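Engineer: From the sequence below, what's the structure:
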Amino acid sequence: MTARLGRTGAAAALALAGMIGAWGLAGPAAAQTPAEQAQTVAGQRGPVTNLPLPRYVSLKGNEGNARRGPSLSHRIDWVFRHAGMPLRVVAEFGHWRRVEDRDGTGGWIHYALLSGVRTALVTQDMLELRTRPNPDADIVARAEAGAILRLNECDPDWCRVSGGGQRGWVPKATIWGVDAAEIRD
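Structural biologist: Residues are numbered from 1 along each chain as shown. Reported below is the predicted structural model:
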């Protein structure tokens, strides 16, 4: 029998429709300045942390306000509402990080609301978690589209994930939160 990792159980799931967008004239994904665009080129390093840009992080708590600019005085364009949600950091400014979700929606979030713990968003419904990185390996669990799983190691084509008390391997192309060429030990 295989376990099912759903959107409402212990799998720390994400219901994409549950994210609440603030309505603004510029929409939830405000345009980047030329300086921000320059920082989003692959292979760059953040001017504050000297960490690679872009890179993945996760939402630390149950809620994170994505603002139009890097300060509390800027308007909130979007509210992320799922602990562990994977986010992609594309720019840095002081204590602020410009992040995007899978759909490219985002804004500036204070660094204290982010965690370096790597998670992944399941993009395929009823994704099969397998005992080994092999399409013929035994199935140990299934995860619904939108579930958030903890990201462990990754080889060129597969990643080991865990959630809801289950652990297994999934094809890298079926999750969001890891780059195609990324290898993790």
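Engineer: Can you name the residues bridging to G64?
Structural biologist: When assigned by DSSP bridges, G64 has beta-bridge partners F80.
Engineer: Touching, it and Y111? I think so.
Structural biologist: No: taking contacts as CB atoms under 8 Å, G64 lies outside contact range of Y111: 10.8 Å. Any C-beta I mention is one placed from the backbone N, CA and C, and that applies to glycine too.
Engineer: Which of these two has more residues huddled nearby?
Structural biologist: G64 (23 against 16; other CB atoms under 10 Å).
Engineer: Could you check the pLDDT of that one?
Structural biologist: What the model reports for G64 is a pLDDT of 97.
Engineer: OK, contacts around it?
Structural biologist: Applying CB atoms under 8 Å, 6 or more residues apart in numbering to G64 gives the contacts 79-80, 109, 113-114.
Engineer: Tell me how many other residues crowd the residue nearest to R97 when sequence neighbours are not counted.
Structural biologist: Setting aside the residues directly before and after it, R97 is nearest to V89 in space (CB to CB, 6 or more residues apart in numbering), at 4.9 Å. Residues near V89, counting by other CB under 10 Å, number 24.
Engineer: Mind listing the residues bridging to V89?
Structural biologist: R55, V99.
Engineer: measure it to L114 for me?
Structural biologist: 8 Å (CB to CB, to the nearest Å).
Engineer: Repeat that for L59.
Structural biologist: From L59 over to L114 (counting by CB to CB), the distance is 7 Å.
Engineer: Kindly report the same for F80.
Structural biologist: In terms of CB to CB, F80 sits 10 Å off from L114.
Engineer: Could you tell me which residues touch both of those two?
Structural biologist: Residues touching both F80 and L114 (CB under 8 Å, 6+ apart): 59, 64, 87.
Engineer: Perfect, that will be all.
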